[in-house]
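Colleague: Provided below are the primary sequence and the corresponding predicted coordinates.
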Amino acid sequence: MESDEPEDMWGSAWGDFMAWLTNSPFMLLLGAGLVSYGGFLGANSTIRSTYFCSSLTDQGPLLVFIQFAGLFAETAGIVLLWRVLSWARTTKSRLQTLGGILVIAAFATCIPFITGQFSRHGELIGRQSLRGANPLYIIDTLSVGLVVAILVISTSLMICDSSPLEPITIATVTNGIITGVGNVLLVGTYQQISPMQALTALGTTSLGFIIFTYANNMRWIIFVRRILPLLMIVVVMIASAIYISMTPKTFARHPVDDLVYKSRIEADRWLRHATVSTTLKIAVQEYEERHHGRKPPRNFEKWFEFAHQRKSVIIDKFDQIEKDIFPFWSLQPQTIRDGLDFLKGQPNIGVIRVADGKASHNSPADLSQRKSLDELVTIISTFSEHLPMMEIAINLQERPRVLVPWNEIGYDFSMAKTINANKQITPAYQTQSHIEASQFATLEALACPFGSPSRTDGNWDVRDFCDSCTSPHSREQFLEDWQKALDPCHQPDLFHLHDFYTTPHRFELYQELLPLFSGSKTAGFSDLLIPLPKTEPIDNHPGTTFNQKQDLVLWQGDVKDMPPATHDVLHGSHRLRLVHLIQNATATDRIPMLLGVGSGKNSRFQYEHVPTAEGNSILPLRFSLTGPAEGCEDANCKLIRDEFGLEQANTEIDSRYVMLLDTHDGPPPNLLQVLRSNSVPVISSIFHQWFTERLIPWVHFIPIDTRYHALHSTMSYFIGLDGRGTLNGRKQITPGRTEDARWIAQQGRKWAEKTMRKEDMEVYLFRLLLEWGRVIDDNRDNVYFT
């Protein structure tokens, strides 16, 4: 009913404007639009991961259509829920209605999961549950379910008194401001290069919310008067602007300068710590100090003499052996032997026996496996006379196979429950030929400590770069802590970014602590690392110096060595991601690079967004897959050829920088060969080997994170950009640090020739088997060197 009172003819212009502002649908739409756009800007300010979409198998328009369809479906669902709850007259009836809707939604959500369980083939055996899986998911499910239930109930009651627009806008603004403040705090780093973009996103969200509150006549925001949240937003904006203006955007020193310097000091410290003992007496004292008072094993003096005869540099530091053997102290010797008896009957496992001072093996039928055991027996025979009688199980496959849940392995001497002598030992898989990649990632997460990100965070967002995954082991954009970078437990995104996790596990996997020796493993596995001799290819250019080599970064991968191109592999494979980054970059792809600005005394460094294609063209990066250009024999080869192209393998290229990548089962096969050459190893790996602890990044090799987000910045530091072209329309004059690269190549070669020889393998293996012989002795508490 219209008012009979005449309009105020003498109202002020400001009053008329405010009246229009608070009642105009356009202003309401403008406020909501600014809030949404600000949130969009904030979410798109961060850098992207290198997880990519396939040009052959992914349909971009269809994905966009599905996203919009989902948006409209969610909108329709919210509006329908609002109308249904509005019909209920009391809070009790509203809660009853909402409870019924949630129960129906829960059952509807379970239907695809239940159907999938019955339709799956080739997964973990159906009769055997994943050990440790229940605690992993039940607590998360209950906690998340409780939070979601409280949120849904509170929001539903709130919209009954107004409309869905208010709580949705408040939630969007809250998320947008939190994201915006986070982006502001990252200004000056490689993750937030543009200060104005961060401030614009935050300002747009704030302005939109201010307009929305007045246009929607919101005098109260939840239980707080409107003026207080708006004042807080203004304060946040002012503080953000001040912070951005005071934050330095350039660096006087390149971070790699500091990393190289720090790593040189660390290498010297490591060597001093590893070479303390010059006499047997000092070696015994050092052993007891480093093993919490435990005495060395029997025949320790024989090992010490053997190490000196082999001119071993490393005498005191064998942390990997201690870490591998430590869990087995919680088992009774008989239990360990029971585990060995079980392994003897498993496929792809060799057995080496030491008796009466002689070593022998069980002669497997496979010739390549028999050759590997022959070489290992030859090494053991050089010191077998000093070993007690024992049998050891050798994993003849490249993949590690002992993956025990963290809550069962019990890293404590007092625990002895992982394997019960009266319990039948069973593998995690019995009848299936493989374990699905998603299930394998779950098993790996179970091997992580409670509370670790990989155990609590599934990291479903493969589009965006995971800063929390890299920050524990990185300095700025560059990898700093190599040992920590090998641990997947703080890197949940790694399960989507490496062939080891995206490829189904095709061999038996054991969730019991079994005495299995393997050549390599990732951090979650409990295999015992052993030096497995391998016949390495001969260097085609043994006399070529660093300066004579071509100034390029080289990696070539044979398409025959690629795993089946499943959805996960085709989008997240660490090898395919690298090739895609270099060969298939689009016009819209951009990367963060640390570039030099100024010259002479005024030279500084700053991060800039660079078109990926420009970054690829200015650096000599040659990464490719090799194979037949035509005539692929299988569908996998054809798919990879059509997506990435194939080149002819070129063995004549002798490059200064050699990129070393893992296979889908293990570490780079030619790592030691490249270390012993005059080239610089550029290593991106997640695997431990017996010598891994001896390698120091930035001294013996150049480390590259598996995400490749620092690849261009790292290589431009060593190769240089001076005279190579332009980036962002600006001629680059940054010189290369060729002398640093040459020094790393020399240090890596000298260190490999000094600490990773065949003689060093013998010393390591002798020490390992001495320690192992004590652990499996029934009288192990009294078996020690005196």
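Modeller: Yes, it's here. Every value quoted in this text rests on a predicted model; they were computed, and no experiment measured them.
Colleague: what does the nearest residue to L711 once chain neighbours are set aside show for phi and psi?
Modeller: Distances taken as Cβ to Cβ, 6 or more residues apart in numbering place I704 nearest to L711, at 5.8 Å, with adjacent residues excluded. The C-beta positions use only the backbone N, C-alpha and C, and glycine is treated the same way. Taking degrees, to the nearest 10, you get phi -130, psi 130 for the backbone angles of I704.
Colleague: what's the burial count for I704?
Modeller: If you count neighbours by other Cβ atoms under 10 Å, I704 ends up with 25.
Colleague: just to check, it is in contact with S684?
Modeller: Yes - under the criterion of Cβ atoms under 8 Å, I704 makes contact with S684 at 4.3 Å.
Colleague: what touches both of the two?
Modeller: Common contact partners of I704 and S684 (Cβ atoms under 8 Å, 6 or more residues apart in numbering): M659.
Colleague: can you give me the helices in the stretch 101-250 of the chain?
Modeller: Ranges of helices within the stretch 101-250 of the chain are 133-160, 165-185, 195-215, 227-246, based on DSSP state H, counting those that start in this stretch.
Colleague: how distant is the longest one from the center of its chain?
Modeller: Spelled out, that is helix 133-160. Offset of helix 133-160 from its chain centre (Cα atoms, centre = their mean, to the nearest Å): 28 Å.
Colleague: could you do the last one as well?
Modeller: If you compare the mean C-alpha spot of helix 227-246 with that of the full chain, they lie 35 Å apart, counting by Cα atoms, centre = their mean.
Colleague: show me what counts as buried in that helix.
Modeller: By neighbour count on 16 or more other Cβ atoms under 10 Å, the buried set for helix 227-246 is P229, L230, I233, V236, M237, S240, I244.
Colleague: in contact with the second one, which residues?
Modeller: Spelled out, that is L230. If you count contacts by Cβ under 8 Å, 6+ apart, L230 has them with F209, I210, T213.
Colleague: what is the nearest of those residues to I321?
Modeller: I321 has its nearest neighbour among those in F209, at 59.7 Å by Cβ to Cβ.
Colleague: return the residues in contact with that closest one.
Modeller: G31, V35, T169, V173, L230, I233.
Colleague: how near is the closest residue in space to V173 that isn't next to it in sequence to L387?
Modeller: Spatial nearest neighbour of V173, chain neighbours left out: F209 (4.6 Å); criterion: Cβ to Cβ, 6+ apart. For F209, the distance to L387 (Cβ to Cβ, to the nearest Å) stands at 74 Å.
Colleague: same question, V79
Modeller: When distance is defined by Cβ to Cβ, V79 is 76 Å away from L387.
Colleague: neighbour count winner among the two?
Modeller: L387 (21 against 13).
Colleague: what's the pLDDT at the residue at minimal distance from the centre of the chain?
Modeller: Centroid-nearest residue in the chain, with Cα atoms, centre = their mean: L494, separated by 3.0 Å. You'll see L494 listed with a pLDDT of 94.
Colleague: is it true that it touches S685?
Modeller: No - using Cβ under 8 Å, L494 makes no contact with S685, being 11.9 Å away.
Colleague: find residues that contact each of the two.
Modeller: Between them, L494 and S685 share these contacting residues under Cβ under 8 Å, 6+ apart: T706.
Colleague: would you map the helices across the stretch 351-500 of the chain?
Modeller: 367-381, 406-409, 437-446, 453-456, 467-470, 482-485, 499-502.
Colleague: would you list the ones you listed in CSV and tack on mean pLDDT, distance to G145 and mean neighbour count?
Modeller: As requested, these are exported to CSV (pLDDT from 0 to 100; distance: least, Cβ to Cβ, whole Å; neighbours: other Cβ atoms under 10 Å):
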stretch, mean pLDDT, distance to G145, mean neighbour count
helix 367-381, 91, 49, 16
helix 406-409, 82, 22, 18
helix 437-446, 88, 19, 21
helix 453-456, 87, 15, 20
helix 467-470, 92, 24, 18
helix 482-485, 96, 33, 18
helix 499-502, 94, 27, 24
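Colleague: so which of these comes closest to D316?
Modeller: Closest among the helices of the stretch 351-500 of the chain, using Cβ to Cβ: helix 482-485, at 18.2 Å.
Colleague: mind listing residues that contact the closest one?
Modeller: With contacts defined as Cβ under 8 Å, 6+ apart, helix 482-485 is touched by P472, H473, S474, L479, H490, E693, L695, I696, P697, P703, D705.
Colleague: check the residues you listed for burial and list the buried ones.
Modeller: Buried members of the contacts of helix 482-485, scored by 16+ other Cβ under 10 Å, are H473, S474, L479, H490, E693, L695, I696, P697, P703, D705.
Colleague: report pLDDT for the third one.
Modeller: For L479, the model assigns a pLDDT of 96.
Colleague: correct me, but it touches A710?
Modeller: Yes - taking Cβ under 8 Å as the definition, L479 is a contact partner of A710 at 7.0 Å.
Colleague: shared neighbours, those two?
Modeller: I704.
Colleague: in a markdown table, list the helices of the stretch 351-500 of the chain along with distance to E643.
Modeller: Output for the helices of the stretch 351-500 of the chain, formatted as a markdown table (distance: least, Cβ to Cβ, whole Å):
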| stretch | distance to E643 |
| --- | --- |
| helix 367-381 | 32 |
| helix 406-409 | 38 |
| helix 437-446 | 19 |
| helix 453-456 | 29 |
| helix 467-470 | 26 |
| helix 482-485 | 29 |
| helix 499-502 | 16 |
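Colleague: quick one: which of those helices is nearest I101?
Modeller: Once the helices of the stretch 351-500 of the chain are compared by Cβ to Cβ, helix 453-456 is nearest, at 28.9 Å.
Colleague: quick one: contacts for D457?
Modeller: Counting by Cβ under 8 Å, 6+ apart, D457 makes contact with P492.
Colleague: for the residue lying closest to T626 once chain neighbours are set aside, give me its contacts.
Modeller: In this structure, T626 finds its nearest non-sequential neighbour in A649, 4.1 Å apart by Cβ to Cβ, 6+ apart. A649 makes contact with Q556, D558, T626 under the criterion Cβ under 8 Å, 6+ apart.
Colleague: kindly report the same for H609.
Modeller: Residues in contact with H609 (Cβ under 8 Å, 6+ apart) are I193, S194, R590, I591, P592, N728.
Colleague: got it, and L578?
Modeller: Taking Cβ under 8 Å, 6+ apart as the test, what L578 contacts is W555, F623, M659, L661, Y708.
Colleague: and those, which of them are buried?
Modeller: Here, 16+ other Cβ under 10 Å leaves W555, F623, M659, L661, Y708 buried among the contacts of L578.
Colleague: go through the contacts of L230 and say which is closest to Q439.
Modeller: Taking Cβ to Cβ as the measure, Q439 lies nearest F209 of the contacts of L230, at 44.3 Å.
Colleague: check what pLDDT the closest one gets.
Modeller: 92.
Colleague: please report how far it lies from H386.
Modeller: Plainly put, F209 is 76 Å away from H386 if you go by Cβ to Cβ.
Colleague: try T626
Modeller: From T626 across to H386, the span is 47 Å (Cβ to Cβ).
Colleague: who has more neighbours out of these two?
Modeller: H386 (19 against 16).
Colleague: for the more buried one, give me its contacts.
Modeller: Contact partners of H386, counting by Cβ under 8 Å, 6+ apart, are N299, K302, W303, F306, G357, F766, L770.
Colleague: among those residues, which lie within helices?
Modeller: K302, W303, F306, F766, L770 (DSSP state H).
Colleague: what's the farthest-apart pair in the buried ones among the contacts of L578?
Modeller: Based on Cβ to Cβ, the longest span within those runs between W555 and Y708 and measures 11.4 Å.
Colleague: now H712: closest residue in space that isn't a chain neighbour?
Modeller: Of all residues apart from its sequence neighbours, G615 sits closest to H712 (Cβ to Cβ, 6+ apart), at 4.5 Å.
Colleague: output whichever strand or helix holds the one you found as PDB, nothing but the C-alphas.
Modeller: Assigned by DSSP states H and E, G615 belongs to helix 612-618. Written as PDB, here are the backbone C-alpha positions of helix 612-618 (Å, rounded to 0.1, in the frame of the first residue of the first chain):
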ATOM      1  CA  THR A 612      56.700 -19.900 -20.800                       C
ATOM      2  CA  ALA A 613      57.500 -20.000 -24.500                       C
ATOM      3  CA  GLU A 614      60.000 -17.100 -24.100                       C
ATOM      4  CA  GLY A 615      61.600 -18.700 -21.100                       C
ATOM      5  CA  ASN A 616      62.000 -22.000 -23.100                       C
ATOM      6  CA  SER A 617      63.500 -20.200 -26.100                       C
ATOM      7  CA  ILE A 618      66.100 -18.100 -24.300                       C
END
